[in-house]
Each structure stands twice: as C-alpha cells, then as structure tokens.
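Undergrad: quick one, what's the 3D model for this:
(4 chains)
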Protein chains: 2
Amino acid sequence: MTTRHHAQLRIAADLAILTVREGALHALVITRGNEPFAGKPALPGGFVRTDEDLDAAAVRELREETCLNGADLHLEQFGVYGEPHRDPRGRVVSVAYLAIMPNLPWPSAGSDASGAAWVAVDRAQGNLAFDHDRILYDAVERARQRLELTTLATAFCPPEFTIGDLRSVYEVVWGETLDPRNFSRKVINTEGFIEPTGRKRVPATGRPAALYRAGNVATLNPPILRPSTDS
Amino acid sequence: MTTRHHAQLRIAADLAILTVREGALHALVITRGNEPFAGKPALPGGFVRTDEDLDAAAVRELREETCLNGADLHLEQFGVYGEPHRDPRGRVVSVAYLAIMPNLPWPSAGSDASGAAWVAVDRAQGNLAFDHDRILYDAVERARQRLELTTLATAFCPPEFTIGDLRSVYEVVWGETLDPRNFSRKVINTEGFIEPTGRKRVPATGRPAALYRAGNVATLNPPILRPSTDS
DNA sequence: CCAAAAGTGTTAAACATACACCCATGT
DNA sequence: ACATGGGTGTATGTTTAACACTTTTGG
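TA: Numbers count the residues shown, from 1 in each chain, chains lettered A, B, ... in the order given. Predicted structure coming up:
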C-alpha cells in the first residue's frame, strides 16, 4: 500500500517555450527523469515555491531550463489546468506560460545531457506526459492568435531581422503562405511594429534585404489578420 | 496570538459576472460577511473543493450566487492571480472567470439580503477587497476584446433580441457610439452571428424591429473591430 | 548571363464610412 | 401629423489581393 497523504495541493508553473527553426514550429521538451512518467517527454516546469510569485516561478523555470535570462523574453500566462487527477502524485494545479525565443543554437539537438531538446510541435503532440498535449495545443493556438493582434512575431526573431524573416515566422506559425510583397508593405506601414536599422543582410543568393529591429508598440492596430480559414 | 499554520495553500475561483443594464456595464458584487475585509465589496467566489475541477467550482459558485444554472451562460477562465500576499489568510491562488449574463430583473438593486448587487463597473472600481480591482479590470478588458473576435455580445442579450439591443451591448462595453445602419449590415452579413426568428418587437415608440437569436458560430470571421483608438 | 530573393507599381475588388432618405409604429 | 427608432441606398475613400515588373546580389 502506498501512503496516501491527505490531498496535498501544489501549484506548478509549466512552460510552452516556442521557437521557429528549420521551417517548423518547435517546442522545448524535456525527458522526465523521475516518476511519474519517467522517461516520457514533457513540458518544462516545476512547483511554485512558498512565497514565490507565479510569474517569478515561471521566470525561474525558464532560466533553469534554458540558461537564459527570461527578463528580455516574451513570457505570458495563458491558462490554468487543474483537473483533479491530472497528476498521479496528488492535486497539482498548473499555471501555463507561453514563452517565445529566437532560434538560438541551443540546445544541441537530441544528444544533450540536460534532457532538453527542441522538438517540432507536430512530432511532440500525442506523446507528452500529464495533460501537456492539451497545454501545448492551447499554447500554439494562443501564439497564433497573438500574431494577429500583437507584435509577438518579433519575439521569434533575433535582435536584427529582415522582413522575410518576420514573414517566415507568420507562415510557419500559421501554416499559411503569405504574399511577400503585400506582407512587406503591411508591416512597414504599421507604425511601431518594426524600425529600420539602416543595415542590410546579404543572403546566399539574391538581393540584400534591409534589417529591422522590433518597434516600440505591443498591440497591432490595425491587426494583421490571417487569411480567412473558411472551413 | 493567532495560530499560524504552515503556509497553507488554497485555490479559489473568483467570478467577474458582467451584464449591461441601464446603459452601463455592471458587475455582480457581494458584500463580504467575514474577515478579512468584512463589510467590503468583493467579487463573488470561493475555495475550490478537494477533488473538484476548477471549471466545476466556477459553475458552482455562479449557481450559488445567482441561483442560475451556469451551464447555459458564457463562462470563461481568463487569468490566475497568485501574488503571495494577496490574501491575508495565507497563500491563496485565485483562478478568475468571466461570466456574462443577460439583464435579468435580479438581484433587486441594493436591498437584497443575499448581499449581492449589480454595481456599475465604474463605481465598483477602486473599492474592492483583495486584488479584485485588478481582476475586474482585466475581466472588462477581456470582454472588450472578446466582442471584437467572438460572438460574446449575444451572451449579454436575452434569447431573442434586436440588432439595436446587440449594438447597445457593443456601445456600452466599448464606451463608443456606433453607426446603427452600418452596424446592422455588418452583423447581418456576418454568417452565423445571428439568425432571424421571424418575429418583431414593437418599441414604445418607433418602427418595430426584427428579432434575432444567437447564431451557431463562436468566433467572428471577419472580426468586428472597434473604432481605432488612435491615442 | 542566370538564379534567387527583395522590393515597387498598378489595378480591380472588397470593405468601411458617412449620411440622405424611406419605413412602421404609438401618440 | 409627428416623433422615434428601424432599416435601405448610395457615393466616397481606404484597404486588400493579385501579380507584372524592376532591383541587387552571388555564381
């Protein structure tokens, strides 16, 4: 018989850390070292400490998992998951955070001792521990919507990026192709979205593209609406 | 000396129940009967029970406060509030829900034994217990955004309503006036938003208006964008 | 020169806005 | 008749979408 404690309640912060690499949306996935679900993939996260703010816990987890200071990254709470039996250890209520990163050359794919790896969202779905499939799905939906209404796309990009880079973020996250020429104009004419740096980047082949940095507004007005998905 | 338990953690579900009445956005506010904040106004809510789902707790609280079956109302989780010292009793993490109701003739304004009353959001703000001012603010912002992207406005209306009723919801929640003629057309041409019932309602004065019921789609495509708030 | 990606010009269709005007009812 | 809110028509300007075409680089 296992000793069943009296319904201990704990709060966790779980992270859906997304990035775009190799033309696909990837999530940072860890391999669990402990029971339950030892050996299974899961979203990074951990318990919120006594006297620790929820957001602070998310920042801490992000730093522990990515060795990056979460302060300059996009980090956004997007849901709570509290179904009574979602965690076999007892009652655990998870606060879910969406984090967006540019495509940094880390962690090295697959063979990392830390057990964290970028996995294409399509491939990650269906195998995750707990209810993390659901959490990841909701995170991606939230990101898709945020691209329409906010300047979130710039969070996927390095400090300097081309309009082509930015368009690629939209295309990969939405799974739609966009007209490069019209996209250019729309973005340039949306005040505060991006600012020119004056520099250019020469691609392997083709005309050099102007480089931009993220602008100073967070919400897009007007929004960048995705091509209507008339089902 | 009060006996201070070791950092007991509890989960609460708090409700921002909104409706439109008398041309203003109102929230259901209770007067607290117990410490802390006894006598102060607050949003309705309560602790989530052991083995109770978060959404179920919200539905239960809604029923307890309004005597209405929450099943047919719009009820949507919109945030978590977990700052360590937001509740003087100890660590309480609140899951916040947005509920939308039509303008029912209840509770009777002010003089209700239950201690629950509709209060104009403008008047409620600034007095609420805990961090409920913040929660209510976020709820209203969420509702404003939902009007743009979803058919939430119909949840403010009775089962049958006129386009004027619907427009009034937009005007009150957004705090903007809309052109009645253009609004009509936009709503009618948005497939799935509203369906004609064939009936009409005769107002005190003026031409009878066609009655509609809520349609079968939840997300508006294209969205109904609010007049640009070019600051 | 050619391939490739960036970016400009142009046009037609769709949409938004403003508002003149008519409609249907109670008083 | 007239006040009042419901609703249609229509002109005007803006935004979108599609795509021909030019620009700038490396091979």
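Undergrad: next SSE downstream of the longest strand anywhere in chain A?
TA: Longest strand in chain A, counting residues (DSSP state E): strand A:9-21. Scanning forward in sequence from strand A:9-21 by DSSP states H and E, the next helix or strand is strand A:24-31.
Undergrad: note down every partner strand of that next one and its orientation.
TA: strand A:9-21 (antiparallel), strand A:41-42 (antiparallel), strand A:116-120 (antiparallel) (DSSP bridges).
Undergrad: for that strand, give me every contacting residue.
TA: Contact with strand A:24-31 is made by A:15-20, A:39-44, A:65-66, A:107, A:114-122, A:124, A:128, A:136, A:139-140, A:172-173, as judged by C-beta atoms under 8 Å, 6 or more residues apart in numbering or on different chains. All C-beta spots, glycine's among them, are computed from the backbone N, C-alpha and C.
Undergrad: contact residues of chain A facing chain B?
TA: A:7, A:9-11, A:48, A:50-54, A:77, A:79-80, A:82-84, A:91, A:93, A:95, A:221-223, A:225, A:228-230 (C-beta under 8 Å from any C-beta of the partner chain).
Undergrad: try it again with 6 Å
TA: Residues of chain A found near chain B (C-beta under 6 Å from any C-beta of the partner chain) are A:7, A:9, A:11, A:50-51, A:53-54, A:80, A:82-84, A:93, A:95, A:221, A:228.
Undergrad: so where does the nearest residue to A:Asp131 once chain neighbours are set aside fall, helix or strand?
TA: Excluding the flanking residues, the one nearest A:Asp131 by C-beta to C-beta, 6 or more residues apart in numbering or on different chains is A:Arg86, at 5.0 Å. According to DSSP H and E, A:Arg86 maps onto no helix or strand at all.
Undergrad: what about A:Arg86, how many residues nearby?
TA: Applying other C-beta atoms under 10 Å in any protein chain shown, we find 17 residues neighbouring A:Arg86.
Undergrad: distance of it from A:Leu62?
TA: Distance from A:Arg86 to A:Leu62, counting by C-beta to C-beta, to the nearest Å: 22 Å.
Undergrad: can you give me the strands in chain A?
TA: Ranges of strands in chain A, per DSSP E, are A:9-21, A:24-31, A:41-42, A:45-47, A:74-81, A:91-100, A:116-120, A:161-162, A:194-201, A:209-214.
Undergrad: deepest of the ones you listed, which one?
TA: strand A:91-100 (a mean of 24; mean count of other C-beta atoms under 10 Å in any protein chain shown).
Undergrad: partner strands of it, with direction?
TA: strand A:9-21 (parallel), strand A:74-81 (antiparallel).
Undergrad: ok, and the closest non-adjacent residue to A:Gln77?
TA: Going by C-beta to C-beta, 6+ apart, A:Gln77 has A:Tyr97 as its nearest residue, at 5.5 Å.
Undergrad: who are the neighbours in contact with A:Pro102?
TA: A:157-158 (C-beta atoms under 6 Å, 6 or more residues apart in numbering or on different chains).
Undergrad: dump the longest helix along chain A to PDB, restricted to CA.
TA: Using DSSP state H, we find that the single longest helix of chain A is helix A:132-149. Provided in PDB are the C-alpha atoms of helix A:132-149 (Å, rounded to 0.1, in the frame of the first residue of the first chain):
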ATOM      1  CA  HIS A 132       0.800  18.500 -21.600                       C
ATOM      2  CA  ASP A 133      -0.600  17.700 -25.100                       C
ATOM      3  CA  ARG A 134      -3.500  19.900 -24.300                       C
ATOM      4  CA  ILE A 135      -1.400  22.600 -22.800                       C
ATOM      5  CA  LEU A 136       0.900  22.700 -25.800                       C
ATOM      6  CA  TYR A 137      -2.100  22.800 -28.200                       C
ATOM      7  CA  ASP A 138      -3.500  25.700 -26.300                       C
ATOM      8  CA  ALA A 139      -0.100  27.500 -26.300                       C
ATOM      9  CA  VAL A 140       0.100  27.200 -30.000                       C
ATOM     10  CA  GLU A 141      -3.400  28.400 -30.500                       C
ATOM     11  CA  ARG A 142      -2.600  31.400 -28.300                       C
ATOM     12  CA  ALA A 143       0.600  32.200 -30.200                       C
ATOM     13  CA  ARG A 144      -1.300  32.000 -33.500                       C
ATOM     14  CA  GLN A 145      -3.800  34.500 -32.200                       C
ATOM     15  CA  ARG A 146      -1.200  36.700 -30.800                       C
ATOM     16  CA  LEU A 147       0.500  37.100 -34.100                       C
ATOM     17  CA  GLU A 148      -2.700  38.700 -35.400                       C
ATOM     18  CA  LEU A 149      -3.100  41.200 -32.600                       C
END
